[in-house]
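*Asks:* Just the structure for this:
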Amino acid sequence: MNFAGECRISEKLVVLRRGNVHEVPICNPIIKYPNGVRIEEELDGKPVQYNKFKCMKPFCRICRCDIARGFKLASKNSSKAECVLKCPITKSLSRRCFKFGTATVCYD
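*Replies:* Next comes the predicted model:
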């Protein structure tokens, strides 16, 4: 984040007044299956999470993800947070199979 007004290509300069809040959606966990399919983890009815910045000064200028172009935060961890168009894989499931005689046992 550069406060001089030079934002990354995935960001835009947001100007806020005291008490204003800017929200950026956070990527849901993505699971990659052995067949290559990527599926968003079920949220069980929970709402999408947002990273919120509240201006506590008379005037704030800050670079934030450009949500108008579809960017989201890749992580809840603010030290690793990057603005992304495609959410990263957070968990990979792999099938491991073993043969026991004529039987094959597989587990994830």
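*Asks:* For the residue of the chain most remote from its centre, give me the pLDDT.
*Replies:* Farthest-out residue of the chain from its mean C-alpha position, per Cα atoms, centre = their mean: G101, at 45.0 Å. We note a pLDDT of 71 for G101 in this prediction.
*Asks:* same deal with C7?
*Replies:* 93.
*Asks:* Name the helix or strand for it, please.
*Replies:* Taking DSSP states H and E as the definition, one finds C7 inside no helix or strand.
*Asks:* Leaving out chain neighbours, which residue sits closest to it?
*Replies:* C63 (3.7 Å; Cβ to Cβ, 6 or more residues apart in numbering). The way it works is simple: take the backbone N, C-alpha and C, and place the C-beta from them, glycine included.
*Asks:* for G19, same thing?
*Replies:* Excluding the flanking residues, the one nearest G19 by Cβ to Cβ, 6+ apart is C55, at 6.7 Å.
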